[in-house]
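Peer 1: this one's sequence-less:
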């Protein structure tokens, strides 16, 4: 994470991802890149519950998964990471 955030104030951090299904488990891989780290795995989102009710890994679903939870006891979330980098 340290190398991902190095020089992020100057160059920023790109967040991207892809969908995958491994052993019948639907997942979304969330990745980050910056000049000092071209490939960092930030999160793996398990989509089993969404797919179980007939949902799909749409852009709206993915974006909602990346948003930080309202509970302070949970992880900040990927979008909070991006907000924090602008403060460095």
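Peer 2: Sure thing, it's come through. Remember, it's a predicted structure, so these values are computed and weren't measured experimentally.
Peer 1: any weak-confidence spans in this protein?
Peer 2: The chain contains residues with pLDDT under 70 at 67-88.
Peer 1: For it, which segments count as helices?
Peer 2: Under the criterion DSSP state H, the chain contains helices at 2-5, 8-11, 48-52, 59-66, 78-85.
Peer 1: Does residue 45 have any beta-bridge partners, and if so which?
Peer 2: Beta-bridge partners of residue 45, counted by DSSP bridges, are residue 28.
Peer 1: didn't it look like it was pressed against residue 25?
Peer 2: No - the pair residue 45 / residue 25 is not scored as a contact, 11.0 Å apart, by C-beta atoms under 8 Å. Quick note: C-beta positions are derived from backbone N, CA and C, even for glycine.
Peer 1: more neighbours, those two?
Peer 2: More crowded of residue 45 and residue 25, by other C-beta atoms under 10 Å: residue 45, with 18 against 12.
Peer 1: and that one, how far is that from residue 10?
Peer 2: Taking C-beta to C-beta, to the nearest Å as the measure, residue 45 falls 29 Å from residue 10.
Peer 1: give me every residue that touches residue 14.
Peer 2: 32-34 (C-beta atoms under 8 Å, 6 or more residues apart in numbering).
Peer 1: which one of these sits closest to residue 51?
Peer 2: residue 32 (24.8 Å; C-beta to C-beta).
Peer 1: Who are the contact partners of that closest one?
Peer 2: Residue 32 sits next to 4, 13-16, 40, 42, 81 when contact means C-beta under 8 Å, 6+ apart.
Peer 1: If you rank these by neighbours, which is first?
Peer 2: residue 81 (22 neighbours).
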